[in-house]
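In: could you look at this predicted model? Sequence included:
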Amino acid sequence: MPTPKHPIYNLQFALLCLSSFLFSASFNMLIPELPAYLSSMGGAEYKGYIIGLFTITAGIARPFSGKLTDKIGRVPVMAVGSLVCVICGFLYPLLTTVAGFLWLRLFHGFSTGFKPTATAAYVADIIPANRWGEAMGIHGLCFSTGLAIGPAIGSELTEQFSINAMFYCSSFIALLSIIILMNMKETLKKKEPFNFSMFKLNRSELIELRVLPGALITFLSYLSYGAILTVISDWGSHLGVANKGLFFMVFTVSSLLIRFLSGKLSDRIGRVKIIKSSLFLLVIAMVLIARANSPLALMLASAVYGIATGMLSPAITAWIVDLSHPDFRGKAIATMYIALEAGIGLGAFVAGALFVSDVAMIPLTFYVIGSFTMLALIYLQFIYRPSSKSI
């Protein structure tokens, strides 16, 4: 029940969280089954493209989704993101060639290029500024829960029925996400009718300069996730971890447990203080991963990594909103996500370049990535000077 004392616990926010949960479960339930599916079509050598192509179009979409979020409204842009998932779920069973599959992965990336951008702006619109951290933590909890259970649902559907059944179920879940959005009120006060000229971007519309400090921290901190996606399975296998997904399960659970608390704490003691603490833990996690010599040690490192990212994500999103202008929240959030995806991509590239199938190079890989995270901490501690808008 909404009360004046707890303004974030209202129907609109609950609907938003439910929509995001369904959206994240929809696109992520495909991930564990796609490598084998691509191999069955004769495209085993293109497995690395499954995530890469998806990320490319997500990044390309960000400036456009940011502009549209600030022009035509938050709800339409969120709906477009979910609609892409609905369409893709029906197209996967039809495009059964390697080329068709890869083009579809490219198109599918537009989903995450649109919905999360508008969602974060919507949260900032309906939640008081002194509760943004708490709200981002709760929303992140719902989104991450979808990411966590989606793969399990997808694998079970594929095993019990067929991979096509899993694709169709993905579409249905995304459709439910859209139906929920239809019951939500638009929060953008100065809406403009859609015009194709809105897809023309000038240089000033690509990024929001006010949030560059937050974008820099986002970029440097998410290099670690790109490295983990690239080499952690090989490192786990080398150390004797039987289940390759165990590392991700441990860090996801530990991340979920800390999100709400850290977001709420950032409202009270400040975003930058929480971000500094999370970056310090992130450096520790990189060192622990590099020095892990057993499955238990690697799982401990995974838990520390999860706590670090669980603290970082809601605090840095709220900080981005703090730094932004109310009229350009969409562009600000898009800037953050561009930095995030660039960090993941470069982290994956660096890890791949250092690793080159030699497991002995993995510790060095994480030491190098950890040094980039340390740069982010040094920047916040000694170089960054907060403005009056920073908490």
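Out: Nice, I can see it. Everything numeric in this text was worked out from a predicted model, so none of it was measured. Numbers count the residues shown, from 1 in each chain.
In: so what's the residue count around Leu265?
Out: Leu265 has 21 neighbours, counted by other C-beta atoms under 10 Å. Using the backbone N, CA and C atoms, a C-beta is placed for each residue, glycine as well.
In: how about Phe349?
Out: 14.
In: Three-state assignment for it, please.
Out: helix (DSSP: H, G, I helix; E, B strand; the rest coil).
In: now do it against Asp234, distance only.
Out: 16 Å (C-beta to C-beta, to the nearest Å).
In: try Gln12
Out: 44 Å.
In: same question, Leu380
Out: Distance from Leu380 to Asp234, by C-beta to C-beta: 32 Å.
In: same check, this time on Lys276
Out: From Lys276 to Asp234 the distance is 32 Å (C-beta to C-beta).
In: and for the residue nearest to Ile31 when sequence neighbours are not counted, the neighbour number?
Out: Distances taken as C-beta to C-beta, 6 or more residues apart in numbering put Pro151 closest to Ile31, at 5.7 Å, once the chain neighbours are dropped. A total of 19 residues lie near Pro151 under the criterion other C-beta under 10 Å.
In: any idea how far Pro151 is from Thr252?
Out: Pro151 is 10 Å from Thr252, by C-beta to C-beta.
In: repeat that for Ser170.
Out: Applying C-beta to C-beta, the value for Ser170 to Thr252 is 20 Å.
In: more crowded one of those two?
Out: Between Ser170 and Thr252, counting by other C-beta under 10 Å, Ser170 is the more crowded of the two (26 against 20).
In: give me the nearest residue to that one, chain neighbours excluded.
Out: Ser170 sits nearest to Gly89 (C-beta to C-beta, 6+ apart), 4.2 Å away.
In: what helix or strand is that neighbour located in?
Out: Assigned by DSSP states H and E, Gly89 belongs to helix 74-91.
In: got the buried residues for that helix?
Out: 74-86, 88-89, 91 (16 or more other C-beta atoms under 10 Å).
In: in the residues you listed, find the pair that's most separated.
Out: Using C-beta to C-beta, the pair of the buried residues of helix 74-91 lying farthest apart is Arg74 and Leu91, separated by 26.6 Å.
In: could you list the domains of this structure?
Out: 1-187, 205-386 (automatic domain parsing).
In: who wins for proximity to Phe194 among those?
Out: So among the domains of the chain, domain 1-187 is nearest, using C-beta to C-beta, at 5.0 Å.
In: pLDDT of stretch 312-321, averaged?
Out: The predicted model gives stretch 312-321 an average pLDDT of 90.
In: what are the buried residues along that stretch?
Out: Leu312, Ser313, Pro314, Ala315, Ile316, Thr317, Ala318, Trp319, Ile320, Val321.
In: between Leu380 and Asp234, which has more neighbouring residues?
Out: Using other C-beta under 10 Å, the more surrounded residue of Leu380 and Asp234 is Leu380, with 18 against 15.
In: ranges for the helices of the chain?
Out: 11-28, 34-40, 49-71, 74-91, 98-108, 110-126, 132-160, 163-181, 212-239, 246-269, 271-291, 295-323, 329-355, 362-378 (DSSP state H).
In: chain center to the second one, what's the gap?
Out: It refers to helix 34-40. Centre-to-centre, helix 34-40 and its host chain are 24 Å apart (C-alpha atoms, centre = their mean, to the nearest Å).
In: and if you look at the third one?
Out: Distance, stretch centre to chain centre, for helix 49-71: 12 Å (C-alpha atoms, centre = their mean).
In: tilt between that helix and helix 110-126?
Out: On the basis of axes from the mean of the first three to the mean of the last three C-alpha atoms, to 10 degrees, helix 49-71 is oriented at 40 degrees to helix 110-126.
In: can you start the count at 605 instead of 1 from here on
Out: Sure thing, new numbering starts at 605, so read that last one as helix 653-675.
In: now for helix 653-675, which elements pack on it?
Out: helix 638-644, helix 678-695, helix 702-712, helix 714-730, helix 933-959 (3 or more C-beta pairs under 8 Å, 6 or more residues apart in numbering; DSSP states H and E).
In: right, so of those, which gets closest to Leu816?
Out: Leu816 sits nearest to helix 933-959 of all these, at 7.7 Å, using C-beta to C-beta.
In: how long is stretch 785-792 end to end?
Out: 15 Å (C-alpha to C-alpha, to the nearest Å).
In: that older thread, if I look at the residue nearest to Ser774, how far off is Leu850?
Out: Distance check for Gly693 against Leu850: by C-beta to C-beta, it reads 28 Å.
In: cool, Gln985 as well?
Out: From Gln985 to Leu850 the distance is 34 Å (C-beta to C-beta).
In: and for Leu820?
Out: Look at Leu820 and Leu850: by C-beta to C-beta, they are 32 Å apart.
In: can you show me the CA trace of stretch 670-688 as CSV?
Out: Taking C-alpha atoms only, stretch 670-688 is exported to CSV below (Å, rounded to 0.1, in the frame of the first residue of the first chain):
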residue,chain,number,x,y,z
GLY,A,670,18.0,8.3,-25.2
LYS,A,671,16.8,11.0,-27.5
LEU,A,672,13.4,9.3,-28.1
THR,A,673,13.0,8.7,-24.3
ASP,A,674,13.3,12.5,-23.8
LYS,A,675,11.1,13.3,-26.8
ILE,A,676,8.2,10.9,-27.3
GLY,A,677,8.1,9.4,-23.8
ARG,A,678,9.4,6.7,-21.5
VAL,A,679,6.6,4.1,-22.0
PRO,A,680,6.7,3.9,-25.9
VAL,A,681,10.5,3.4,-25.8
MET,A,682,10.2,0.6,-23.2
ALA,A,683,7.5,-1.0,-25.3
VAL,A,684,9.7,-1.0,-28.4
GLY,A,685,12.4,-2.8,-26.5
SER,A,686,10.0,-5.6,-25.4
LEU,A,687,8.4,-5.7,-28.9
VAL,A,688,11.8,-6.6,-30.4
